[in-house]
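# What follows is a predicted structure for the sequence shown.
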There are 2 protein chains.
Amino acid sequence: MSSETDVTDAASPDAASAVDSTDPGQSVRPNFGRITTSGRGNAALSAAMQKVLDGTWAEAREQTRAAMTPDLLNPLGLTMDEQRDHTLTQLQRLADSGMPRLGFSEEDGGTGDTGAALTTFEMLGHLDLSVMVKAGVQWGLFGGAIANLGDSETRKKYLPRVMSLELLGCFAMTEIGQGSDVQNLETTATYDVEAGEFVINTPTPSAEKAYIGNAARDGRLAATFAQLITIEDGEELRHGVHCLLVPIRDEAGNDMPGVTTTDHGYKGGLLGVDNGRIRFDNVRVPREALLNRFGAVDEQGRYSSPIESVGARFFTMLGTLIRGRVSVGAAAGASARTALALATRYSLVRRQFDHPETGRGIPLLEYREHQRRLMPRIARAYAYACAQNAIVAELAEYEKHPDAFDEVRRREMETHAAGIKATVTAFANETITEARLACGGAGYMAENLLTEMRKDCDVFSTFEGDNVVLTQLVGKELLGAYAAEFGNMDQRETVAFAINTVADVVQEKARTSTLWQKLVDAVTDREHTDILDRGNQLELLVDREEHLLETVARRLRKARDQDGSAAFKVFNSAQDHLLQAGRAHMDSWVFARFAEAVDACEDPEAKELMGMLCDLYVLDIVDRDKGWFLEHNRLTTERTKAATAAYNRLCTKLAGRARTLVDAFAVPEFVFEVPMLTGGGVDTLADGAED
Amino acid sequence: MSSETDVTDAASPDAASAVDSTDPGQSVRPNFGRITTSGRGNAALSAAMQKVLDGTWAEAREQTRAAMTPDLLNPLGLTMDEQRDHTLTQLQRLADSGMPRLGFSEEDGGTGDTGAALTTFEMLGHLDLSVMVKAGVQWGLFGGAIANLGDSETRKKYLPRVMSLELLGCFAMTEIGQGSDVQNLETTATYDVEAGEFVINTPTPSAEKAYIGNAARDGRLAATFAQLITIEDGEELRHGVHCLLVPIRDEAGNDMPGVTTTDHGYKGGLLGVDNGRIRFDNVRVPREALLNRFGAVDEQGRYSSPIESVGARFFTMLGTLIRGRVSVGAAAGASARTALALATRYSLVRRQFDHPETGRGIPLLEYREHQRRLMPRIARAYAYACAQNAIVAELAEYEKHPDAFDEVRRREMETHAAGIKATVTAFANETITEARLACGGAGYMAENLLTEMRKDCDVFSTFEGDNVVLTQLVGKELLGAYAAEFGNMDQRETVAFAINTVADVVQEKARTSTLWQKLVDAVTDREHTDILDRGNQLELLVDREEHLLETVARRLRKARDQDGSAAFKVFNSAQDHLLQAGRAHMDSWVFARFAEAVDACEDPEAKELMGMLCDLYVLDIVDRDKGWFLEHNRLTTERTKAATAAYNRLCTKLAGRARTLVDAFAVPEFVFEVPMLTGGGVDTLADGAED
C-alpha cells in the first residue's frame, strides 16, 4: 500500500522550473506552493491522447459529443414519475435522431454499424445512466432479442416500431428466485396443439419476473424467457429456455388479461427507469410469438432445433445477447472517466492548508496521498478504455464476419466480454466513490454530480451478470480451455471436466501469439528499473495467471470420481482461488490491450505519456497484490520496494500532467459547469501557458 | 486475498452432524445442500454475545430499543421537503421523550449521563441517519457548543429551549474555502467598543459558512466560529477562532438583517437534514453573544483567556466537542451492523444454483466467496463495537472526572476518537456497499434499506473531520508523543518537532501497561498454529506499528534545519507512510480493546466464539497487509499461507454461526420486515432446533 522509501526526487523537470516564479502577482502560472502543474493542460497533447482512447469509432464519438446538450445530464430533484417522463423524452429524442438504427442490420431497417452503436451507448455513460439503461433495455435487449432470435417476418413486423419507440418493450429474463441461474428459470411456455397457442405461466412465487426494465410503466410487449414445453403422446417434453413475445399491456397501459405487473418503485438509483415485476397466469400467445431461430414448434406441436443439447442451445442464445454486457461495461467506464475528470479538476483548484513558505493554500493534488488516490485510477481508466475498444472491435468484426470466428475465438470474445464487464463496473463504482470522497463536502452535494453517478452506476455490478458470477465464469472458461461442450455443464460436470484439461493451454496459446511475442521482444530503452520493462511486465502478469490456473486445476482434480456432494465441496473450497485466477487473467488481458494501444500511438509525446500510464497500471497491480508476488517468490522484497518507490514517483510525475490526462477523456465541457468548480471556495486558474 | 491451500476440512463438528439429515421432508433442519447451519441462530448464545457488545450502557440501549418503532425507519419516496418535515417530527419526538437531557449536566437541566447519551445517539444509527445527524447537530454540536463554551448565564438562557427543541440551531464552523483547515477560517467577529457589540462578517466568498445543518430551513440561532478581533489603540488584535451565538432567522423563518442563508438542496443522501450556507454582512450581536469559557472580551474591549497560545486555545475548544466525532463513528458502526445483519439473513434464505446431489438450491452463505465477503466484516464490526464502547467509557469518565486525566491521557482519548471515527466510517461505507452487492438485485431495491443506508452514511467519511485528515492526525500525534505544545504547531513545526522525539515512546509505554502485559502473558490453550495465539497476534500488530513509526520518524528527520518548502516536501513525500502508521496504530488499538472485551466475557461459549472473531479480525489484517508483513520479514511465506488457510477455515466455521453472530447486534426485529427477507424468491427457515 505505501512506501517507506523516500522518493523526494519526484518532481518532473517542468515542475521544477515552474517553482521559480514565486510572486503570485507576476507569475504567468499561479503559484501552487511547491508547484507541480499549472492545471491548464496541454491541448495538443490531450488531443493526441484522445485519439487513442476514441479508437476505431472516433467519428461516432465525435458525432455523439456534438449532439450532447446539458439537458441530457441526470436531472436533480425530480419525483420518480417526473424522472421517468424525462428519461422517456430523452429516449424519444435519441430515437428521432436515428441513433438506434446503428445497432440493427440493413435488412431490418437499420444501418448495421455495431461498433458505432456500442460506442454511442458508451458515450451516454458520460451524462445520464438512466437514459443509457433505458436505451439499452429498449434497443439492446428487447430489440436485440427480436433481431437475434426472431425470424425475418417477426423482425420486419416489430423492429421498425422498436427503433422509432412506437413500441416499448421488456427483456423479461430474470426471475425473483433465479437471479444468476437463468438456465433454471421457472416460467413455462407450454404448447397447446388444439388452440395452436403457447400458454405462459408463472408456476411459483419465485418464478415471477423481477427487476425488468420498462415493466412498471412503459412496456407493451415482453421478450419473455420461459422453459419451452411441448406435449407428445400425453408426455411433457422440456426443451429448455426459449424466448417468446408476450403482450403485457394494451395501448392504454392496462395489464393484459392474465398478466400482472407491479412497480419496483424506488431503487438505489436509476429513477428514470421503470423497473417492475411480471406474473403470467395462463396467458395465451399465438405460435408465432416464439422467437424461433434456435428452436421452433410446428403446428402439430413438434419441436425442432439446429442445436441438439439443451444447454448448448441456451448458451448460444445468450451469446447473441453479448452486446448488453459490453455496453454496460463501456458506459460504466465512461462514468468513471467523468468522475475522475471532475475530481481531478477540483483537486487543481481546491486548496487546503497553507504552504509553510508561501503562506498560500496548497492545491489538493500537490499532496502525495491525493496523487495516490487519483493517478493510479486514471491509469486504470485508460487501460480499461483501450480494452473496451478492443472488445467492441472484436464484436463488430464478429457480427460482420461470423464465419471468420471459430468456436475458440467466439468463446474467447464472450469470456472477455463477461470479464471486462465485471472488471470495469467494479472499478467504476469504487472510482466514483473515491472521486466523491476526494472532493470532500462538495463531493456530497448532488449538484456536483458524483453522488448521482454513484447511485446510478451501483447496479451495474449486479445486472447483465453479477460480477462474482461473471468472474467465476472467466475462471471456468480458462479451465475448460474452449471445450465446445463446456457451456452445457452444471457444476459437477465442470469439476469433472476441469480434471481432464490442462490449465495452461490458454496461456501457451496466448504466449506464442504475435502480440505477446512482439511485446516480449520489444526492448524498451527507457531509464527505469526492470519492472518498468514492458516485456518483464508481461511476464510478471502472465506468470501469475498461469500459476493460479495451474494450482486451481490441481485442486479441482481432487474431485475426480467423487460424488456430487464431495465434488461440490472441492469446488467450493477452491472458489476464491478460481476467482483470483479469473481476475488475474483479466489483468493481463487488459494489460495486453493497453500495451497494444500504446504501441500503436503515433504521436511520440502522447506515446511516452501513455507508456507511463501503462507502467502505473502494472505497478498498481503489483502494489495491490504484493502479498502474492512475494509469497510466491515472483518478486524479491528489494523489487517490491523499488516498485513502490516507482509507483509513488509515477503518481507525482503524472499528477504534473493531470489536466492533460483527463482532458483526453473528452467529456463534454458543460459537465464541468458545476458549483464546486465554478463557485466559492476554489481558485480559478490564472491565464497563462499550458503545461 | 485468496488461498491456494486446500482447506476442505473446514466444517465445524455440529455442521458435520447436521449433514446427516438429508431428507428435506423429515429433517427438522432444512436441507441446505452441504449444510453448514440451520440459519436459526442460538438465542441464548447471541444474548450472551449481545451482553458484550451492549457494554456499560446496556440499560440505555435496552430503553432505546424498546422505544424504537417502524416509523423511525428512513422513509422512502418522500420529496425533500416532506422528508425534512418527517425528520423534524422525529426529532420532536426524541425531545419529548427526554432523550436530549442525557447529554447535558444536571446544572444545565439535563441528567448528565454522557455514556447513555452517546449510546442513544449510536442506536439511532440502526434506523434513520437523517434523524441521527439532525439530533447530533441540534443537541451534540449546537447544544454542545453552548454547554461547553458558554458561561452559566448563557447556558441557563438557552439550553432548556435547545433540549425541548423550541430553539433550533446551527453549528456554523465549516467554510466553503477552509473545509479541513478550521483553524484558518476567515469569518471575523470584530468588537466595536462604542456599541458594545461584535460585528460578524464574511469577508470573502470563500469565508461563507457551508454544509451547515439546520441552516437551510429550521435553524434560528447559529453557534458561529469566527476569528475574534479586538481593537486596542487603533490596532487590530487577533485572538484566533472563537464561537459566538448569532441569530440567523426570526421566528417567522426570515433571514435576520445582514444574514443570507441559502439551501444546499439535494445531497447524496440525508435528505431529512436541511444543510445550507450562511453569509454575514455586518451582523451585530451583543457582547454576551461570545461563548467566553476560553476567551472573553470585557466592556472596554480587552481580551483575556485562560490559555495563552492561540493554537492551544483553539484545540482545547475543539477538544470539548469530541462527542460529535465519537457519535458519528458509533452511528456508522450501528449502520454497518444493520447492513451485515440484513445481508447475512438474506444469505441464509436465498439460494442460487442447485446442489449437484440434492438438486436443491444452495444458500448463498454456503459459498466460500460469500463467507469471505461477510464473515471478516462481521468480525471487524465486533471489534469496532468494542473499541467504540471503550472510547465512550473513557469520554464519560473524562466528563465526570476531568481532573483524573493528565494531558497525556486526554490527548490519547482525543486521538483515538479521531482515529476510530475515520476507521469505522470508512468501514461502514465499504461494508454497506458489500452488503448491498451481496444481496444482488434485491440489494438495489430501496425497500430493502441498504441503498438508503449507503447514501446517508456516505458523508460520515467527510464530516466531523475528513478521514484522511483524521488518520494523519493520529500519525502526527504518535510522532508528537504527547507533547503539550503539539496542538499549536503548523505543518512546518510538526516536522521540526517530530525530529526531536523518539517514535516509540508511545509503544514503549503501551507495552508495559497492564493490559498489554496481561495479553502477552495469557497463554492460550487452543489448538491453533501460533498465529492464533493472542500474545503473538499482539506482537505482530504492535511490531508493525512501531516499525512504521520509527521509519517515518527517520524520514521526517531529514527535514531538520530545512526551510519551509523543503520541509513540506519531506513531509509530503512521507504522507502515505504517516497515514499507514496511523492506520496501523488504530488496528492494534482496536485489537487490544477487542481482546479486552473477549477476556472479560463471562459466558464460556460466547467467549470462545468471540475469540474466534478476534482471530479473524487479526487474520483479516494480515490478509490485507500481507505484502507488508512479507516485505519486512515479519512473516515467512509459510506463515502467510497458513494464515490464509486459517482465515478461510474461520470464515466457514463462523458462517455456521452466522445468524447467532448477527442476532447479537440486537437490531430491532422490525428492520428485517423487508421484501427481500419476507417476499418471493427466498425460502423461509423451517421450524426446528437452533444451532
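Nice, I can see it.

# If we ignore the residues flanking it in sequence, what's nearest A:A381?
In this structure, A:A381 finds its nearest non-sequential neighbour in A:R337, 5.2 Å apart by CB to CB, 6 or more residues apart in numbering or on different chains. Every residue, glycine included, has its C-beta placed from N, CA and C.

# host element of A:A147?
In the assignment (DSSP states H and E), A:A147 maps to helix A:143-149.

# what sits up against the next helix or strand after that helix?
Counting by DSSP H and E, the element after helix A:143-149 in chain order, helix or strand, is helix A:152-164. With CB atoms under 8 Å, 6 or more residues apart in numbering or on different chains as the test, helix A:152-164 has contacts from A:95, A:100-101, A:104, A:107-110, A:138-139, A:142-143, A:146-147, A:150, A:167, A:169, A:221, A:245, A:288, A:291.

# which of those residues are buried?
A:95, A:100-101, A:104, A:108-110, A:138-139, A:142-143, A:146-147, A:150, A:167, A:169, A:221, A:245, A:288, A:291 (16 or more other CB atoms under 10 Å in any protein chain shown).

# Can you flag which of these belong to strands?
Counted as lying in strands by DSSP state E, out of the buried ones among the contacts of helix A:152-164, are A:169, A:221, A:245.

# what pairs with the second one across the strands?
Partner residues in beta bridges with A:L221: A:G169, A:P247, with DSSP bridges as the criterion.

# OK, contacts around it?
A:142, A:158, A:167-170, A:245-248.

# Could you save the ones in strands among the buried ones among the contacts of helix A:152-164 as CSV and add columns showing pLDDT?
What follows is these, written out as CSV (pLDDT from 0 to 100):
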residue, pLDDT
A:G169, 98
A:L221, 98
A:L245, 98
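
# Looking at the residues you listed, which is nearest chain B?
Comparing those against chain B with CB to the nearest CB places A:G169 closest, at 19.7 Å.

# shaky segments in chain A?
Along chain A, the model assigns pLDDT under 70 to residues A:1-36, A:481-529, A:680, A:684-691.

# Farthest from the middle of it: give me that residue.
Distance from the centre of chain A peaks at A:D233, with 47.6 Å (CA atoms, centre = their mean).

# What is the neighbour count of A:T644?
Around A:T644 there are 23 other residues, counting by other CB atoms under 10 Å in any protein chain shown.

# got it, and the one 3 residues further on?
Counted with other CB under 10 Å, the neighbours of A:Y647 add up to 24.

# Likewise for A:T260?
If you count neighbours by other CB under 10 Å, A:T260 ends up with 15.

# I'd assumed it was in a helix, is it?
No - counting by DSSP: H, G, I helix; E, B strand; the rest coil, A:T260 is located in no helix; its state is strand.

# on that earlier part again, which residues sit against the helix holding A:A147?
Here helix A:143-149 makes contact (CB under 8 Å, 6+ apart) with A:100, A:103-105, A:108, A:154-155, A:158-159, A:162-163, A:169, A:171, A:223, A:243, A:245, A:291-294, A:317, A:320-321, A:323-324.

# Going through the residues you listed, which ones are buried?
A:100, A:103-105, A:108, A:154-155, A:158-159, A:162-163, A:169, A:171, A:223, A:243, A:245, A:291-294, A:317, A:321, A:323-324.
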